[in-house]
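[1] Sequence plus predicted model, see below.
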Amino acid sequence: MNAFLKRSVAALFSLLMVFGVCSMTARADVIYVPENSFFEEHQDACSLENRMYIANAPGGTLTCYKSPESSLEKAQLKNGTELYTAFIYEAPSGIRWGYCEFYDAWYPMDYTYAKYDDQQFREDYTIKEESGELDKSYAGKTIYFWNYPGGEVTSSWSISEQGNVPMYSDTFTDENGLNWGFVGYYFGRRNAWVCLEKADVTEEALYPDGKPVRDTRVIAEPSVDVQPEAGGQGMTLGLILAAVAAVMGGSLFLLFNLKK
Amino acid sequence: MEILATFALSLVFTLLIETIIALLFGIRMPGMKVVWLVNTLTNPAAVLIFLLLSRVFPAAPALAIQIPIEIIVFVTEALIYGLWFKEGKWGFRHPVLLSLVANLVSWGTGVFVQAL
């Protein structure tokens, strides 16, 4: 076996050993970033949320961390940023941390508020438990589904000529006298509302003078200071910069010495 | 401590991989010291820039941040190998190719490991 082949085989074998011992996530050059396993380790203390929240932190920026026990910051999000919160972890201290898969990061729930949705709507308004099905006269027509009565159209669906109409389990009568039905599931659509009398009317046509204001909450900027629980404050950015600068400076110094 | 681990492990993996590549290019001591020092110079900076940009642009794909950083690292290392060690001193006969291959392999290794 010639020298080049020996080197190639040795290199390949070495690389395979590197792959084998690398059980942690790494990025190049290699830039190592540990995997976020906090949820797997604390499942018992996590609850499913699957709800949209909005960042609302002191100072205008929400800091998101690798975990509720890590000082490693994953993102800095401006207030108003929407976060689809998949899970909420309740720490032993009682502080609740939300997890957003999009950013793969955790943040204090005290620094967010729920986006107005069906859940909030049901807290604010009286909903009647009344089941039924949409009138079959909508067969062959396109109907619109809303996140909540007077909210936003989230999807539409063309009902077949055979008239396979959605069924509803709750109803609501709005300020204009329109009746709305809550549809739990219909061809992939979950937890949506339809206007029973005007299911095939678009958002603009249903509210030509503007939609009713549902969200009347007053959201104040929180003042409580929430930091990751364990691991202390960690190194500040300044210390990290100083450490990196020191390492780079030392390397440059030694390189210059070698060059001489 | 966690942040230190990020920097330390990134540097260790990079040094390991680039040492192997340098050996393939026929580089031995004292040239290998140059390889180690060059990567100690560039890798912590690359990791720091990546972490900072990831925070500033959390929705950006990782590759969109990594690739420009890798280009800068490649150019920096090639310049050091080429300008500082002219005429193939200490085995640096192909500085640009060395930097390119070393950084491609180390970058590719990182991407591969992440995909596992």
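    Happy to help now that I have it.

[2] from here on, contacts and neighbour counts on C-alpha atoms
    Will do.

[3] Start and end of stretch A:139-153, how far apart?
    End-to-end distance for stretch A:139-153: 20 Å, by C-alpha to C-alpha, to the nearest Å.

[4] Check whether whatever helix or strand residue B:46 lives in comes into contact with chain A.
    Per DSSP states H and E, residue B:46 falls inside helix B:31-56. Yes: counting by C-alpha under 8 Å from any C-alpha of the partner chain, chain A has neighbours in helix B:31-56: B:34, B:37-38, B:40-48, B:54-56.

[5] mind listing what's buried in that helix?
    The neighbour-count check on helix B:31-56 (16 or more other C-alpha atoms under 10 Å in any protein chain shown) flags B:31-48, B:50-55 as buried.

[6] How about stretch B:100-113?
    B:100-111, B:113.

[7] What about chain A: which of those residues touch it?
    Restricting the buried residues of stretch B:100-113 to those near chain A - C-alpha under 8 Å from any C-alpha - leaves B:103, B:106, B:107, B:108, B:109, B:110, B:111, B:113.

[8] Next step: the residues you listed restricted to helices.
    Judged by DSSP state H, helices contain the following of these: B:103, B:106, B:107, B:108, B:109, B:110, B:111, B:113.

[9] I figured the second one was touching residue B:16, is that so?
    No: contact between residue B:106 and residue B:16 fails when scored by C-alpha atoms under 8 Å: they sit 9.1 Å apart.

[10] helices and strands of the chain: which one bottoms out on pLDDT?
    Let's take chain A. Scoring the helices and strands of chain A by mean pLDDT, DSSP states H and E places strand A:26-27 at the bottom, with a mean of 41.

[11] Please give me every residue in contact with residue A:221.
    With contact set as C-alpha atoms under 8 Å, 6 or more residues apart in numbering or on different chains, residue A:221 has these partners: A:56, A:57, A:58.

[12] Out of the residues you listed, the closest to chain B would be?
    Closest approach to chain B among the contacts of residue A:221 (C-alpha to the nearest C-alpha): residue A:57, at 16.1 Å.

[13] tell me the contacts of the closest residue to that closest one other than its chain neighbours?
    In space, and not counting its chain neighbours, residue A:57 is closest to residue A:111: 4.5 Å by C-alpha to C-alpha, 6 or more residues apart in numbering or on different chains. Contacts for residue A:111 (C-alpha under 8 Å, 6+ apart) come out as A:55, A:56, A:57, A:58, A:62, A:222.

[14] Could you find the lowest-pLDDT member of these?
    By pLDDT, residue A:222 ranks lowest within those, coming in at 75.

[15] Can you tell me the SS state at it?
    Assigned with DSSP: H, G, I helix; E, B strand; the rest coil, residue A:222 falls in the coil class.

[16] Quick one: residues contacting the nearest residue to it once chain neighbours are set aside.
    The shortest distance from residue A:222 to any non-neighbouring residue, by C-alpha to C-alpha, 6+ apart, is to residue A:58 (5.8 Å). Residue A:58 makes contact with A:111, A:221, A:222, A:223 under the criterion C-alpha under 8 Å, 6+ apart.
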